[in-house]
Each structure stands twice: as C-alpha cells, then as structure tokens.
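Asker: need a 3D model of the following:
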Amino acid sequence: MTNLSGNTGISKGLLAGALIATLICSVVASYGVSMIAGPQGEEGPAGPNQIAAMGTYRSGIGLTEAYNVESVVWNSDWDQYWVTFSAGIEYHSWYYVTVVTCFGGASAGFAGFGSQGSMLSIEIYDSNGNQIQSDTGDFSFVVLDVVTLM
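Answerer: Alright, predicted model coming up:
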C-alpha cells in the first residue's frame with residue numbers, strides 16, 4: 001500500500017521522531033506541565049486564534065469533542081478517514097498546519113495526513129508501519145490556520 005507521499009514505507013527518521021515525541025509527551029504527562037514550564041514572558045496583546053478546527057475520533061463511538069467539524073468517515077477505497085469541516089473551511093494540507101495524534105489502542109502507532117478535495121485525509125499505521133483502519137485505536141487532530149497571518 002502506498003502512503004500519501006507516494007512512498008511505500010516510512011523513513012527511519014520519521015519513525016524515530018514520532019517515538020521521541022511520544023516519549024516526551026509521556027514524560028510531560030507523568031510529571032505535569034508545571035515541571036517543564038519556563039519563566040512567564042512579558043505581558044502583551046492577545047494573539048490571533050489560529051485554531052480552524054479540531055476533534056477527537058474514538059473507535060466504536062465516533063466523533064467527539066469537535067470544533068468546526070461536520071463528520072469523520074472511513075473511506076475503504078482509499079483506506080483513510082476523511083474529515084469534512086464546517087464553517088466554510090476548504091481544507092488543503094498546504095494551507096494549514098495540522099497535527100494528528102493516535103492514542104488509546106494498542107494497534108495504533110502513528111498517523112499520516114493529507115487532503116482529498118477539500119477534506120482532511122488521515123491514515124493510521126500500526127507500530128510496524130503497516131497502514132490499518134484504527135478499530136482499536138483512537139486519534140485526535142488540530143488544524144491551525146496560519147495563512148491569514150502572513
């Protein structure tokens with residue numbers, strides 16, 4: 001099976017980066033955010049809200065904790081979850097900063113993403129790099145709009 005970038009596998013560097021990020025998140029969760037917080041910066045005006053959309057998908061439950069998301073559906077032809085947004089958001093991966101995180105299930109290792117039409121497409125991989133439908137794992141996603149700041 002080919003992933004969104006056209007490669008048939010995952011690079012060791014990408015896998016190592018995902019594992020390091022998971023380790024850092026585990027340490028932060030164990031000790032609490034206050035243990036790693038730096039000094040308070042200077043007061044200033046509030047910045048823009050860059051969150052365009054976000055949500056959590058739980059296997060057996062569906063979409064939860066959604067903001068500006070209409071639906072998340074499994075497309076068996078593409079082996080991807082397709083996320084449709086509300087609020088006039090026409091998603092293209094090059095216009096947004098997107099973070100997708102797997103959690104919960106033992107089989108889910110990491111996620112890849114791209115765009116299909118105006119939808120966010122999400123691919124879930126097991127810890128061996130095989131693309132799977134996340135029947136036992138869950139994922140969350142955050143889409144940040146940075147184009148309007150340029």
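Asker: next, the distance between the ends of stretch 101-110.
Answerer: 7 Å (CA to CA, to the nearest Å).
Asker: quick one: the helices in the protein?
Answerer: 12-31 (DSSP state H).
Asker: show me the shaky parts of it.
Answerer: 1-37, 47-48, 105-108, 134-137, 147-150 (pLDDT under 70).
Asker: strands along that one, start to end?
Answerer: 51-58, 62-67, 69-75, 80-85, 96-103, 110-116, 119-125, 131-132, 138-145 (DSSP state E).
Asker: want to throw those into JSON lines with mean neighbour count and distance to Pro39?
Answerer: Any C-beta I mention is one placed from the backbone N, CA and C, and that applies to glycine too. Below are the strands of the chain laid out as JSON lines (neighbours: other CB atoms under 10 Å; distance: least, CB to CB, whole Å):
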{"stretch": "strand 51-58", "mean neighbour count": "20", "distance to Pro39": "25"}
{"stretch": "strand 62-67", "mean neighbour count": "14", "distance to Pro39": "31"}
{"stretch": "strand 69-75", "mean neighbour count": "16", "distance to Pro39": "36"}
{"stretch": "strand 80-85", "mean neighbour count": "22", "distance to Pro39": "37"}
{"stretch": "strand 96-103", "mean neighbour count": "17", "distance to Pro39": "26"}
{"stretch": "strand 110-116", "mean neighbour count": "19", "distance to Pro39": "33"}
{"stretch": "strand 119-125", "mean neighbour count": "23", "distance to Pro39": "36"}
{"stretch": "strand 131-132", "mean neighbour count": "16", "distance to Pro39": "43"}
{"stretch": "strand 138-145", "mean neighbour count": "20", "distance to Pro39": "25"}
